[in-house]
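1. Pasting the sequence and the predicted coordinates here, then a few questions.
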2 protein chains.
Amino acid sequence: QGTRDHHPAHVVLRDRLLATVIACFKRHGAAPLDTPVLELRETLVGKYGEGAKLIYELQDQGGELLALRYDLTVPFARYLATNKLSTMKRYQVAKVYRRDNPATTRGRHREFYQCDFDIAGQFDPMIPDAECLKVMHEILSDLQLGDFIIKVNHRLVLNGVFDACGIPESKFISMCSTVDKLDKVSVGMAPVWGWVAGVGQGGVSRSCSTRCSQAHRMSSLGSLLQGSVTLTVKKFLLMLREGLGDMKLLFEYLTLFGITGKIRFDLSLARGLDYYTGVIYEAVLLQQEGQAGEEPLGVGSVAGGGRYDGLVGMFDPKGRRVPCVGVSIGIERIFSILERRLKASGEKIRTTETQVLVATPHRHLLAARLQLISELWGAGIKAEMLYRKDPKLLKQLQYCEDTGIPLAAIVGEQELADGVVKLRDVSTRQEVRM
Amino acid sequence: QGTRDHHPAHVVLRDRLLATVIACFKRHGAAPLDTPVLELRETLVGKYGEGAKLIYELQDQGGELLALRYDLTVPFARYLATNKLSTMKRYQVAKVYRRDNPATTRGRHREFYQCDFDIAGQFDPMIPDAECLKVMHEILSDLQLGDFIIKVNHRLVLNGVFDACGIPESKFISMCSTVDKLDKVSVGMAPVWGWVAGVGQGGVSRSCSTRCSQAHRMSSLGSLLQGSVTLTVKKFLLMLREGLGDMKLLFEYLTLFGITGKIRFDLSLARGLDYYTGVIYEAVLLQQEGQAGEEPLGVGSVAGGGRYDGLVGMFDPKGRRVPCVGVSIGIERIFSILERRLKASGEKIRTTETQVLVATPHRHLLAARLQLISELWGAGIKAEMLYRKDPKLLKQLQYCEDTGIPLAAIVGEQELADGVVKLRDVSTRQEVRM
């Protein structure tokens, strides 16, 4: 359930898409990494918030307790710690596994590709973070998916907001996961903060609604910077200021990259994963023009990421910190969009790259076909023949038309005697002897 | 246990290897297929002989009973049956999972790549089978792995031999698996058949040793063809003749392909999997020249395959037959060999493709670097910069040397004022303003 076979036309289209993504990762100097699909369960525990219950676990068969990877970020952090690496810029394109409620028409599956780009290392603030947003922006532009925006927020800013709402520090992380799950598009932001404040108070009360309006006021950046709201714990005010300082610097760099037009500071963005510690972001496609007679395709997050400075330390026996920031492209939703678009255009995708069919016009020429095709393969030419001893010429030419093979190399008795082949252009029917 | 991280240099080398394999598959007109890593357990049951106990099973988490794929052949057959396809030529390159005893120095792992090429469909005898052997031959030649041979046998021939040895028909399949496991290289063939005959008799006895010598005589193809040995059941004599007829035709086609030089009819080849029904084959690398001071690398099977005409029918509710034949390249052992060879040669593999480093010669020029690199990325140029506000020029040039970046684009105050960059060839230290 929730998995699927990818038939050849699908794979061809997907590989085109992945090629665009990988080209961008390489353009930014990332090296490829490949980790096993199996991880120790203990590696995955405590990293995904509410996502933890969606992890696929393997049977204990007298060995270790194993699980299928849930994302590519945790394995990357585990790799850095295991190999004691303190800097690395890597990409990884691979399938991950989540026992989620599948919604296949929206492109949500239990087995799906992620395309991750991450920068690990202690560097000057916000330079790698800005590059991750640039990578996201380039990929979404290169794929020509229509208009999109990238929402950006900061975990330290959120922590300040939660604190102002009366949420105890121990609940910050689970609150991120909760805010992430809310349908912010349909309800708007004000009730979200009201709700957050309500949770903080253990119920809706007068003081809650006060906090709610206070929280709502907080969503204006100015008042936050001026410190006009009261934070219960000084620490969080400092963290809030640090977060906002990061954001200011980030936007400076994004301005130099010329991409601020599509980037929004959005206080309601929380991201569901436990491990983020700094800047977080998520790309959302804006509503596509609906096809006549089709349901409008659900829009949603197609890429996301953020800074996770504490994750590598969780795998290091000495707790050694390796700051990291990364971005993950969710290829499946993007694929659903491209597939619909292709279907609407009526374009037919070739699933093979065969250049020439080796054909014979009459019986008893199998040996000639086998020898000629062997010669063509030897010369690096993509060639096929029908697996029949004596196929009819018409059937062979029909095969070319059905599968898009542009040329047929025909050898009959006459051609054999003359030491030539007749090369036929399948679409124009022109023939040359050569 | 038995899995591993593939670090960047490994991935780069492996991708080169896979590119060679995939190029051959495409040259032969195969279309790509991708199936999930998860299969229903019932799909995998009864297909792998003794291998069954090596299947990774997932926990029942309130859904279906799942397992990780053990090979790519069974999922392909399941795909054909599910989609009611009667012909298809597909390739698939993906990881498979076996809880085998890992022997990592010999390139045996629990998670490893297989590269499969298969032809499904009802065709004239031995034409697709010959192409599979041609594909195997081309790939092993293209990879320049040194000398190799491809052993070929036929399940119907083996059945005849088993019958002549007194093995009951119900044990033919498990006997194949048993013969496959024997260390035939060190013990030679005669004891193998003796042992087989012993099993058939339930112990070593006089009549067993008679059968043993009879079986040994049978390993000469001539006596088999002339029917000079007595088969207990007529059916198996007919099957034996059919098998030998197939082999004769196969060798005719292989002669036309010009590849018989590396192909051996080997009666001791059995293959461990249950599903083969016709021709079977296995490629073995011959002993490599040992490096001084290194253990000689274990040689072994690097590719194998065969005909499996009954497998698709096992997944079809109506038992509809789709004859199939295929070949699987085991990339991990080949990789171990290439990796050792590379190590011996001292060649260093670049793990990134970065063309130019954007550098600055003095402080306060981060903005200039960010703008220039953004322009380069926009032009499709693979570019990096150090994630520091004010890195020293020497450090930037050192980074180029460490990572093999050939060019540095340097912008200082003077270059900014003149609207140029200084392009430096890292190895020759030549510079041009442009």
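-> Perfect, I can see it now.

2. pLDDT score for A:Asp266?
-> As predicted, A:Asp266 sits at a pLDDT of 84.

3. what residues are up against the nearest residue to it once chain neighbours are set aside?
-> Distances taken as CB to CB, 6 or more residues apart in numbering or on different chains put A:Lys151 closest to A:Asp266, at 3.9 Å, once the chain neighbours are dropped. (Each C-beta comes from the backbone N, C-alpha and C, glycine too.) By CB atoms under 8 Å, 6 or more residues apart in numbering or on different chains, the residues touching A:Lys151 are A:Arg264, A:Phe265, A:Asp266, A:Leu269, A:Tyr281, A:Glu282, A:Ala283, A:Val284.

4. again, only using 7 Å
-> Residues in contact with A:Lys151 (CB atoms under 7 Å, 6 or more residues apart in numbering or on different chains) are A:Arg264, A:Asp266, A:Leu269, A:Tyr281, A:Glu282, A:Val284.

5. and the last one, which of the three is it?
-> Same thing as A:Val284. In three-state terms, and counting by DSSP: H, G, I helix; E, B strand; the rest coil, A:Val284 is strand.

6. Now do the contacts for the nearest residue to A:Ile173 once chain neighbours are set aside.
-> Distance criterion CB to CB, 6+ apart; nearest residue to A:Ile173, sequence neighbours excluded, is A:Asp274 at 5.3 Å. Contact analysis of A:Asp274 by CB under 7 Å, 6+ apart lists A:Gly46, A:Lys47, A:Tyr48, A:Gly49, A:Ile173.

7. Out of these, list just those in helices.
-> Using DSSP state H, A:Ile173 are the members of the contacts of A:Asp274 that sit in helices.

8. max-length helix in chain A?
-> In chain A, taking DSSP H as the definition, the longest helix is helix A:234-257.

9. Does the residue nearest to A:Asp266 lie in a helix or a strand, and which?
-> In this structure, A:Lys151 sits in strand A:148-154 according to DSSP states H and E.

10. re the thing from before, mind picking the one among the contacts of A:Asp274 that's closest to chain B?
-> A:Tyr48 (15.7 Å; CB to the nearest CB).

11. Do I have it right that that closest one meets A:Tyr275?
-> No: taking CB atoms under 7 Å as the definition, A:Tyr48 is not a contact partner of A:Tyr275, at 8.2 Å.

12. Comparing the two, which residue is more hemmed in?
-> Comparing A:Tyr48 with A:Tyr275 by neighbour count (other CB atoms under 10 Å in any protein chain shown), the higher total belongs to A:Tyr275, at 24 against 21.

13. Briefly note if stretch A:391-410 comes near chain B.
-> No: on the criterion CB under 7 Å from any CB of the partner chain, stretch A:391-410 is out of touch with chain B, staying 8.1 Å away.

14. Give me the average confidence score over that stretch.
-> On average, stretch A:391-410 scores 97.

15. who's in contact with the nearest residue to A:Ala130 once chain neighbours are set aside?
-> Using CB to CB, 6+ apart and skipping the chain neighbours, the partner closest in space to A:Ala130 is A:Tyr253 (3.7 Å). Listed by CB under 7 Å, 6+ apart, the contact partners of A:Tyr253 are A:Met126, A:Ile127, A:Ala130, B:Leu370.

16. give me that answer again for 6 Å
-> A:Met126, A:Ala130, B:Leu370 (CB atoms under 6 Å, 6 or more residues apart in numbering or on different chains).

17. Mark which of those residues are part of helices, please.
-> Short answer: those in helices (DSSP H) are A:Ala130, B:Leu370.

18. Show me the shaky parts of chain A.
-> The model of chain A has pLDDT under 70 over residues A:102, A:104-107, A:181-233, A:287-299.

19. Get me the contact residues on it for chain B.
-> Contact residues, chain A versus chain B (CB under 6 Å from any CB of the partner chain): A:3, A:5-6, A:8, A:11, A:26-27, A:29, A:31-32, A:34-36, A:38, A:57-59, A:79, A:111, A:123-124, A:127-128, A:253, A:256-257, A:351-354, A:367, A:370-371, A:374, A:377, A:382, A:384, A:387-389.

20. what comes up buried for the host helix or strand of A:Gly313?
-> Per DSSP H and E: A:Gly313 is located in helix A:311-315. Residues of helix A:311-315 classed as buried by neighbour count (16 or more other CB atoms under 10 Å in any protein chain shown): A:Leu311, A:Val312, A:Met314, A:Phe315.

21. Let me know the distance separating the third one from chain B.
-> Put plainly, it is A:Met314. Counting by CB to the nearest CB, to the nearest Å, the gap from A:Met314 to chain B is 17 Å.

22. just A:Gln398 next, same as before
-> A:Gln398 sits 14 Å away from chain B, going by CB to the nearest CB.

23. Same question for A:Glu415.
-> Distance from A:Glu415 to chain B, by CB to the nearest CB: 17 Å.

24. Contacts only, for that residue.
-> Here A:Glu415 is in contact with A:Val421, A:Lys422 (CB under 6 Å, 6+ apart).
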